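Chemist: sequence first, predicted model second:
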Amino acid sequence: TQLLEQSPQFLSIQEGENLTVYCNSSSVFSSLQWYRQEPGEGPVLLVTVVTGGEVKKLKRLTFQFGDARKDSSLHITAAQPGDTGLYLCAAYTGGFKTIFGAGTRLFVKA
Amino acid sequence: DTEVTQTPKHLVMGMTNKKSLKCEQHMGHRAMYWYKQKAKKPPELMFVYSYEKLSINESVPSRFSPECPNSSLLNLHLHALQPEDSALYLCASSQELDEQYFGPGTRLTVT
């Protein structure tokens, strides 16, 4: 069974702090996605990483795909209250199915 | 336009009611999905349509009945639901099967 394990499960930080969220698996994936979901809303696709070792930046968010394509990280610099939400990593496993990590719930205090 | 729309935003229904959830996308995506999401959990796949044909039914109880009238629309018909079916129901679409675009969801409460 393919699983994505995210850590930490919950993170509460002050505005301006940096943080890193991890997504790990024992399986190799052709790509991995990160989504952010705000309460009562649907997940919003942030990025797809495809190549082992790839680094992508989206403003203050930096995404990295592990060299072996089994893990990924999301680093947020100078977090803001608007970054509050549930961060989900996901991977397509074939046959129209995507697996999701359990999510990291981030709360940024002003 | 990367928008997926869902109606209604909120729905309260009794266990004997029949209701429908609607989803629409105009991105020309070939696949459309229904997910169920309980509080503090990731989305859980229910159904997948590919080119308007049902490709996946994740052993969902028959009180949930999906329908794909055309390539832009996806419905979920609800009948005789149970209180434990209360959840956020998400629709998504994709062209590249690893990238899904989600709608805002329908918050369903079964009383």
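Modeler: Nice, thanks for sending it over.

Chemist: for the residue sitting nearest the centre point of chain B, which residues make a bridge with it?
Modeler: Centroid-nearest residue in chain B: B:Trp34, 3.3 Å away (criterion: Cα atoms, centre = their mean). Counting by DSSP bridges, B:Trp34 is bridged to B:Phe47, B:Cys91.

Chemist: doesn't B:Leu90 make contact with it?
Modeler: Yes. Between B:Trp34 and B:Leu90 there is a contact under Cβ atoms under 8 Å: 7.4 Å. C-beta here means a position set from N, CA and C on the backbone, and glycine is covered the same way.

Chemist: for chain A, which strand is longest?
Modeler: strand A:85-94 (DSSP state E).

Chemist: confidence score at A:Gly94?
Modeler: On the pLDDT scale, A:Gly94 is placed at 88.

Chemist: B:Leu90 now?
Modeler: Here the pLDDT value assigned to B:Leu90 is 98.

Chemist: residues contacting it?
Modeler: Counting by Cβ atoms under 8 Å, 6 or more residues apart in numbering or on different chains, B:Leu90 makes contact with A:Gly42, A:Pro43, B:Gln6, B:Tyr33, B:Trp34, B:Tyr35, B:Lys36, B:Gln37, B:Pro43, B:Phe102, B:Gly103, B:Gly105.

Chemist: how many neighbouring residues does B:Leu45 have?
Modeler: Using other Cβ atoms under 10 Å in any protein chain shown, B:Leu45 is surrounded by 20 other residues.

Chemist: element containing it, please.
Modeler: strand B:44-50 (DSSP states H and E).

Chemist: kindly export the helix or strand following that strand (C-alpha atoms) in CSV.
Modeler: The helix or strand immediately downstream of strand B:44-50 is strand B:53-57, counting by DSSP H and E. Taking C-alpha atoms only, strand B:53-57 is exported to CSV below (Å, rounded to 0.1, in the frame of the first residue of the first chain):
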residue,chain,number,x,y,z
LYS,B,53,-18.0,7.2,-18.4
LEU,B,54,-17.8,6.0,-14.8
SER,B,55,-14.3,4.7,-14.3
ILE,B,56,-14.1,4.3,-10.6
ASN,B,57,-16.7,3.6,-7.9
